[in-house]
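Q: curious how this folds, go ahead:
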Amino acid sequence: MRTMTPEDLYEIAWVGDCDLAPGGGRVAFTVTRLDRETDGYRSAIWVVDVDGGAARQFTAGAKRDSVPRWSPDGRRLAFLSERDEEKPQLYVIPTDGGEAQRLTNLPFGASAAAWSPDGTRIAFAARAGGSPDPDTKKAKPYRRISHLKSRINGEGWTYDRRRHLFVVAADGTAPATQITDGDWDDTSPSWSPDGAMLAFTSARHDNRDHDDWSDAWSVPASGGGPTRLTATDRIVSGTSWSPDGTSVAFLARSFAAGGNATLHAVDASGGLPRPVDPAFDRQSGVGPSSVSAEPPKWLPGGLLTAAEDRGETSLLVSGGGPTRWFARSARTVQSYSADASSGRVAYTASRPGAPAEVFVADLTTGTERQLTTLNRDWLANVTLSSPEKFSITVDPGVEVDCWVQQPAVFEDGRSYPVLLNVHGGPFTQYGESFFDEFHVYTGAGYGVVYCNPRGSSGQTTEFGRAIVGRLGGPDYADVMAAFEAALERMPWADRSRLGVLGGSYGGFMTSWIIGHDHRFAAACSERAVNDWYTMQGTSDIGSFFNPNYLGEQAVIEDDLEAVLRQSPLTYAREIHTPVLILHSEDDLRCPVSQAEQLFVVLKRLGREVEFVRFPDENHELSRSGRPSHRVDRFNVILEWFGRKLGGA
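A: Numbering: from 1, shown residues only. From the prediction side, this is the model:
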């Protein structure tokens, strides 16, 4: 048996989005693999029978096939594919075999399919706008910017290509028709039961450039004037029309910073939104952003979604009484799909010791079965470290959850270096999921410590908002208290060989920690915010993220002292820990200037610092960058800590 190395990224089958067929007999899901030959990714749609049998690959997956969606009669699958070009287009394929038919040819690609109830049409969201000129010899046109929210990390400039709703005939007999328009984004379409209307989310109010609010809307599926359903006083995502057509459900939160999104519903004609369970206060839904949040699923007993709780992400049903956790265990549910007629729910989930696989459960009994074992052979040949979870009390009534992982190959009586990892966000959580970072580090002989300090998700809204206006305060205290408690549980930890690292908000906290604590022998600050002053004007989210987290008045023009007080760069003179600064050059979320500033200041101070830059990568390097760069990143970090901590 061997331990996990960076090269194992190529060996893992990364199981993604799943969809349960009508009748509950089959599950379609996505499998992605890193491809050495193209230095890219290959994704294919797979199908597995619920009642038994091996999973089988359904599409070729020459490039990226993703987001499968069954037709209402189960005879066709809609999916996105990049097979003919770089942008994902919408395809439909018969489920009994045959060639896939392309339905769209849009310059910026399409997004996930939403089938009409009768199966004749498909709604989706896509960016609209003129096609870029393919002639690279011509000068690019100038840009006239009039919005703060004009670009997005990973996509670039978006001010002139807004996301709108389209409807296309499912048999390919007519091109897609755009049914919404305007200088705003429209997302998350869902059909009314009679197929006449679409619900969706959009921020169309006058102040949308300066706040985070959005609304649920409805519009005729044939096009026309939309109707606003909510009161522009919360952030809305993931619409879902009730089977009787009287209500629209969605996820909503009332705070942009650290606020839990929970289930709400509103009359289909509009009115006052009502929480499905007012007593439930946990971050609900799964998905990388509000634009792509998984919508809730209507069931006879309530609404199905998933929520975070103390490091876990589990399914739950809300409505008709208190919220009920469903088929809960120590793991992270990543996608889910339900079929009311069969009383089944399918989902993908990972746990610390295994990448995600596909499961199915009975909605009445909660009895579940694992349907796939795509990573069985890999797991049989790799030794992975299991985490130990514990909690500490940091203030009266406030607990912080923590985890410790021993080196994957551990010998009693030996001492080992330890790495403290801080998550990004800050409103996210570490916990019961497969995280390649930790297994690569423990595989290299390091102990690993991680925690969910105040500001993380997984607990109450109050817990998530405890750091607003106080970044580097309670969150820093919690991280260091967790690390102290972890070291007490780790007699094998070599306290002369401690390292700290993190990315994004974790990079901010790494820079902050080494400016306030000198116990660490080495640090790696990755894609960090080091200076909130420049973050405000150069980040794609800085204009609203800064006041949301630093405090409403903590902007350059109102309270510069609050901006500087919460910036790690302010305390750079106190940094004596050798630090590796790691950043992507196309990062629009935390621009590379954040790294450049810290590097220049530390070099001028004569401190030990190295700066590694990744060209042609953005803020998502560690998750979706070029495979070779992801491996390089791991090797750079391992080499740095091996050099500074004396190796494992």
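Q: tell me the buried residues in the helix ranked longest in the chain?
A: The longest helix of the chain (DSSP state H) is helix 627-644. For helix 627-644, a neighbour-count test (16 or more other C-beta atoms under 10 Å) marks 627, 629-634, 636-638, 640-642, 644 as buried. The way it works is simple: take the backbone N, C-alpha and C, and place the C-beta from them, glycine included.
Q: contacts for that helix next, please.
A: By C-beta atoms under 8 Å, 6 or more residues apart in numbering, the surrounding residues in contact with helix 627-644 are 6-7, 9-10, 34-36, 39-41, 417, 419, 440-441, 444, 446, 499, 501, 521-522, 524, 578, 580, 582, 610, 612, 614, 617, 621-622, 625, 648.
Q: can I get that helix in PDB, CA atoms only?
A: Provided in PDB are the C-alpha atoms of helix 627-644 (Å, rounded to 0.1, in the frame of the first residue of the first chain):
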ATOM      1  CA  PRO A 627      -4.400  19.400 -14.400                       C
ATOM      2  CA  SER A 628      -0.600  19.900 -14.800                       C
ATOM      3  CA  HIS A 629      -0.900  23.200 -12.900                       C
ATOM      4  CA  ARG A 630      -2.900  21.500 -10.100                       C
ATOM      5  CA  VAL A 631      -0.100  18.900  -9.700                       C
ATOM      6  CA  ASP A 632       2.600  21.600 -10.000                       C
ATOM      7  CA  ARG A 633       0.800  23.600  -7.200                       C
ATOM      8  CA  PHE A 634       0.900  20.600  -4.900                       C
ATOM      9  CA  ASN A 635       4.500  19.900  -5.600                       C
ATOM     10  CA  VAL A 636       5.500  23.500  -5.000                       C
ATOM     11  CA  ILE A 637       3.700  23.500  -1.600                       C
ATOM     12  CA  LEU A 638       5.200  20.100  -0.600                       C
ATOM     13  CA  GLU A 639       8.700  21.200  -1.700                       C
ATOM     14  CA  TRP A 640       8.400  24.500   0.300                       C
ATOM     15  CA  PHE A 641       7.300  22.800   3.500                       C
ATOM     16  CA  GLY A 642       9.700  20.000   3.000                       C
ATOM     17  CA  ARG A 643      12.500  22.500   2.800                       C
ATOM     18  CA  LYS A 644      11.400  24.700   5.700                       C
END
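Q: tell me how far it lies from the chain's centre.
A: Helix 627-644 has its C-alpha centroid displaced from the chain centroid by 23 Å (C-alpha atoms, centre = their mean, to the nearest Å).
Q: again, but for stretch 412-428
A: That offset, for stretch 412-428, works out to 21 Å (C-alpha atoms, centre = their mean).
Q: ends of that stretch, how far apart?
A: 34 Å (C-alpha to C-alpha, to the nearest Å).
Q: flag every buried residue along that stretch.
A: So, applying 16+ other C-beta under 10 Å, buried residues of stretch 412-428: 416-428.
Q: now that stretch: mean pLDDT?
A: In this model, stretch 412-428 carries a mean pLDDT of 97.
Q: and stretch 124-141, by the same measure?
A: Computed over stretch 124-141, the average pLDDT equals 87.
Q: what comes up buried for that stretch?
A: 124-128.
Q: list of residues touching that stretch?
A: 90, 104, 106-114, 158, 160-166, 168, 176, 178, 181, 186-189, 200.
Q: restricted to buried residues, select these in ChimeraX.
A: Buried residues within these, by 16+ other C-beta under 10 Å, are selected in ChimeraX with:
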select :90,104,106,108,109,110,111,112,113,114,158,160,161,162,163,164,165,166,168,176,186,187,188,189,200
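Q: just the contacts of stretch 124-141: which are in strands?
A: 90, 114, 163-166, 168, 178, 186-189, 200 (DSSP state E).
Q: any chance of these in TSV, plus distance to Arg351?
A: Shown next, in TSV, are those (distance: C-beta to C-beta, whole Å):
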residue	distance to Arg351
Leu90	33
Ala114	31
Arg163	34
His164	39
Leu165	37
Phe166	38
Val168	39
Gln178	43
Asp186	37
Thr187	31
Ser188	29
Pro189	33
Phe200	35
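Q: now, among these, which is nearest to Gly271?
A: Phe200 (17.4 Å; C-beta to C-beta).
Q: partner residues bridging that closest one?
A: Trp217 (DSSP bridges).
Q: list the contacts for it?
A: Phe200 neighbours (C-beta under 8 Å, 6+ apart): 125, 165, 180, 186-190, 216-219, 226, 239.
Q: gap between the two ends of stretch 139-155?
A: Per C-alpha to C-alpha, the first residue of stretch 139-155 is 20 Å away from its last.
Q: buried residues, it. List them.
A: Here stretch 139-155 shows 149, 151-153 as buried, counting by 16+ other C-beta under 10 Å.
Q: can you check stretch 198-212 too?
A: 198-204, 208, 212.
Q: now it: average pLDDT?
A: Per-region confidence: stretch 198-212 scores 96 on mean pLDDT.
Q: would you mind measuring the gap between the ends of it?
A: 23 Å.
Q: show me the contacts for Ser511.
A: 525, 528, 530, 568-569, 575, 579, 598.
Q: apply 7 Å and report the result again.
A: For Ser511, the contacting residues are 525, 528, 530, 568, 598, by C-beta atoms under 7 Å, 6 or more residues apart in numbering.
Q: next up, the contacts around the nearest residue to it once chain neighbours are set aside.
A: Distance criterion C-beta to C-beta, 6 or more residues apart in numbering; nearest residue to Ser511, sequence neighbours excluded, is Pro568 at 3.6 Å. Applying C-beta under 7 Å, 6+ apart, one finds that Pro568 lies in contact with 508, 511-512, 515, 530.
Q: what's the answer for Ala249, then?
A: Contacts of Ala249 (C-beta under 7 Å, 6+ apart): 240, 242, 263, 265, 296, 298, 303.
Q: the closest residue to the second one other than its chain neighbours: what secondary structure?
A: With sequence-adjacent residues excluded and distances taken as C-beta to C-beta, 6+ apart, Ser242 is closest to Trp298, at 5.6 Å. With DSSP: H, G, I helix; E, B strand; the rest coil as the basis, Trp298 sits in strand.
Q: what about Trp298, how many neighbours?
A: Residue crowding around Trp298 was assessed by other C-beta atoms under 10 Å; the count is 20.
Q: make 39 the starting number, not 1.
A: Yes, from this point I'll number from 39; that puts the last item at Trp336.
Q: that one and Trp279 touch, don't they?
A: No: with contacts counted by C-beta atoms under 7 Å, Trp336 stays clear of Trp279, the gap being 8.1 Å.
Q: hmm, what's the outermost residue in the protein?
A: Gly451 (39.8 Å; C-alpha atoms, centre = their mean).
Q: pretty sure that residue sits in a helix.
A: No: under three-state DSSP, Gly451 sits outside any helix and is assigned coil.
Q: got the contact list for it?
A: Per C-beta under 7 Å, 6+ apart, neighbours of Gly451: none.
Q: can you tell me how far it sits from Trp530?
A: 8 Å (C-beta to C-beta, to the nearest Å).
Q: same thing with Asp77?
A: With C-beta to C-beta as the criterion, Asp77 and Trp530 are 39 Å apart.
Q: what about these two, which has more around it?
A: Taking other C-beta under 10 Å, Asp77 and Trp530 do not tie; Trp530 has more neighbours (15 against 11).
Q: out of the contacts of Ala287, which comes closest to Ala600?
A: Closest approach between these and Ala600, by C-beta to C-beta: Leu301, at 34.8 Å.
Q: residues contacting that closest one?
A: 287, 289, 314-315, 322, 334, 341, 343, 356 are the contacts of Leu301 under C-beta under 7 Å, 6+ apart.
Q: switch to 10 Å and redo it
A: The contact partners of Leu301, by C-beta atoms under 10 Å, 6 or more residues apart in numbering, come to 276, 278, 287-290, 312-315, 318, 322-323, 334, 340-343, 345, 354-357, 361.
Q: check which helix or strand it maps to.
A: Using DSSP states H and E, Leu301 falls within strand 300-305.
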